[in-house]
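Engineer: generate a structure from the sequence data that follows.
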Amino acid sequence: MVYVTAVPHPRSEAAPGRSGRRSLAVALLCGALGAAVALLATRQRWAAGTATVAGGAFPLTAKGSDVTGVPAALAIVGLAALVAVFAVRRAGRLAVAVLLALSGAGVIAAALVGAHDSSALDDKAAQASGDTAATAAALTHTGWPYVAAVGGALLLLAGLLALRYGRLWPAMSGRYERSGAPRSRPARPVDPDRPEDLWKALDRGEDPTGTEPA
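Structural biologist: So this is what the prediction gives:
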């Protein structure tokens, strides 16, 4: 009777490595780009209008940071979470990946809500006219809130990739013990026929002869 031993296909072991590297590269690109886009968008003009004053119509503008500070704050949180993914493992990595995804979703929601928000312009109109009941007129809105939402979508994608493939990604090197002290390396044997080895042993405070004191 002939027994046939099944040999695993070599591609089955290489596939997870390729998937991990590919997903890692895409997540890093999406996360960094998404945070940068969201931060850039919040510094741009989101809305414009006018306020009625004694001299006529007074022009008003509102940047994204004037409308809402949530997208910028969540973009920074998402960027920090993207970096922290590599500092933790297992359950910690899962929690950080969830935080990254939620940060992206929050940026999207806040940007879409602020796309037609006129409260910032109303506040500026009240200050310009001296009338607390004054509101902005001739309102116009730009497309920058939707650009911020795109940045949030990239952060969300990075978080979803971390949730799906994070277990395949590398973590920070374990060069140091938990106590913070570096792991000691075993002493290299000293060749008595090599003077440089003798001098190095003396510099380390070792006995190059290898004899123990009586």
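
Engineer: so what's the gap between the helix or strand hosting A48 and the chain middle?
Structural biologist: Using DSSP states H and E, A48 sits within strand 45-53. Strand 45-53 has its C-alpha centroid displaced from the chain centroid by 35 Å (C-alpha atoms, centre = their mean, to the nearest Å).

Engineer: list of residues touching it?
Structural biologist: By C-beta atoms under 8 Å, 6 or more residues apart in numbering, the residues outside strand 45-53 that reach it are 57-64, 66-67, 114-115, 117-118, 120-121, 124-125, 128-129, 134, 136-142, 144-145. Backbone N, C-alpha and C define where each C-beta goes, glycine included.

Engineer: also stretch 124-143?
Structural biologist: By C-beta under 8 Å, 6+ apart, stretch 124-143 touches 44-53, 57-58, 60, 62, 115-116, 118, 121-122.

Engineer: and T50, how many neighbours does it have?
Structural biologist: 18 (other C-beta atoms under 10 Å).

Engineer: any chance you could map the helices in this protein?
Structural biologist: Assigned by DSSP state H, the chain shows helices spanning 10-42, 64-67, 70-84, 91-114, 119-129, 144-165, 195-203.

Engineer: just the CA coordinates for the third one, please, in PDB.
Structural biologist: This means helix 70-84. Extracted C-alpha coordinates of helix 70-84, given in PDB (Å, rounded to 0.1, in the frame of the first residue of the first chain):
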ATOM      1  CA  VAL A  70     -14.800  68.500  15.500                       C
ATOM      2  CA  PRO A  71     -13.300  67.400  12.200                       C
ATOM      3  CA  ALA A  72      -9.900  68.800  13.000                       C
ATOM      4  CA  ALA A  73      -9.900  67.300  16.500                       C
ATOM      5  CA  LEU A  74     -10.900  63.900  15.200                       C
ATOM      6  CA  ALA A  75      -8.400  64.000  12.400                       C
ATOM      7  CA  ILE A  76      -5.600  64.500  15.000                       C
ATOM      8  CA  VAL A  77      -7.100  61.600  17.100                       C
ATOM      9  CA  GLY A  78      -7.200  59.400  14.100                       C
ATOM     10  CA  LEU A  79      -3.600  60.200  13.100                       C
ATOM     11  CA  ALA A  80      -2.500  59.300  16.700                       C
ATOM     12  CA  ALA A  81      -4.500  56.100  16.600                       C
ATOM     13  CA  LEU A  82      -2.900  55.200  13.300                       C
ATOM     14  CA  VAL A  83       0.600  55.500  14.900                       C
ATOM     15  CA  ALA A  84      -0.600  53.700  18.000                       C
END
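
Engineer: sounds good, over and out.
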